[in-house]
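> here is a sequence together with a model predicted from it:
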Amino acid sequence: MKKQAFNIAICAAGLVCMAIGITLSAKENAGVLKNIPHLPGLLTSLSFGALFSGLRRVRRCRALSKDPRAAKEFEIAAKDERNAAIRDKAKAQAFDFMLAAYAAMLMLLLLTNAETFALGVLTIVYLLFIAIYVYCASKYQKKM
């Protein structure tokens with residue numbers, strides 16, 4: 001029941017953010033938001049993510065509460081070692097691709113003379129990814 005209440009709260013937060021985003025979007029057109037012009041779009045985007053994520057979770061909880069057999073199968077599938085290994089391998093491949101794509105994007109931005117601040121922030125984030133990867137790899141290496 002607590003999960004269901006949390007999921008409904010996520011949906012409600014999504015609706016509130018959507019309402020605020022739409023209201024600010026109308027005010028932006030009137031010229032009220034000069035300092036933060038991207039806030040309505042950001043709020044609307046976040047609201048759709050929260051709303052539909054919450055709705056998906058509510059729907060899954062209701063479906064699993066009505067069918068105990070399906071709930072048991074879902075729990076087994078979530079805890080299955082084979083599925084966990086598949087998820088971990090997919091995450092690892094996605095991370096490897098992300099590192100290459102991010103490096104290519106940084107090079108492209110560098111060659112197109114992008115803003116120095118934006119390039120610096122993206123470079124710091126890229127280096128942070130690599131630092132976290134190295135830290136986790138060394139931690140797991142010591143553990144195993």
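In hand now; what should we look at? Note that this is a predicted model, so its numbers are computed, not measured.

> domains of the protein?
1-79, 80-144 (automatic domain parsing).

> rank those domains by pLDDT, which is bottom?
In terms of mean pLDDT, the lowest-scoring of the domains of the chain is domain 1-79 (a mean of 82).

> chain center to that domain: distance?
12 Å (CA atoms, centre = their mean, to the nearest Å).

> and the residue most central in space within the chain, what element?
By CA atoms, centre = their mean, the chain has its centre lying nearest to Gly49, at 8.7 Å. Taking DSSP states H and E as the definition, Gly49 sits inside helix 39-66.

> would you mark the buried spots in that helix?
Residues Pro40, Leu43, Thr44, Ser47, Ala50, Leu51, Gly54, Arg57, Val58, Cys61, Leu64 are the ones in helix 39-66 that count as buried (16 or more other CB atoms under 10 Å). Using the backbone N, CA and C atoms, a C-beta is placed for each residue, glycine as well.

> and the helices in this protein?
Using DSSP state H, the helices assigned to the chain run over residues 2-29, 39-66, 68-79, 81-111, 116-143.

> excluding chain neighbours, what is closest to Ile130?
Excluding its sequence neighbours, the residue lying closest to Ile130 (CB to CB, 6 or more residues apart in numbering) is Leu99, at 7.4 Å.

> name all residues that make contact with that neighbour.
Shown in contact with Leu99 (CB atoms under 8 Å, 6 or more residues apart in numbering): Tyr126, Phe129, Ile130.

> and for Met105?
Here Met105 is in contact with Leu122 (criterion: CB under 8 Å, 6+ apart).

> how close does it get to Val125?
According to CB to CB, to the nearest Å, Met105 stands 11 Å off from Val125.

> please apply the same query to Phe95.
Phe95 sits 14 Å away from Val125, going by CB to CB.
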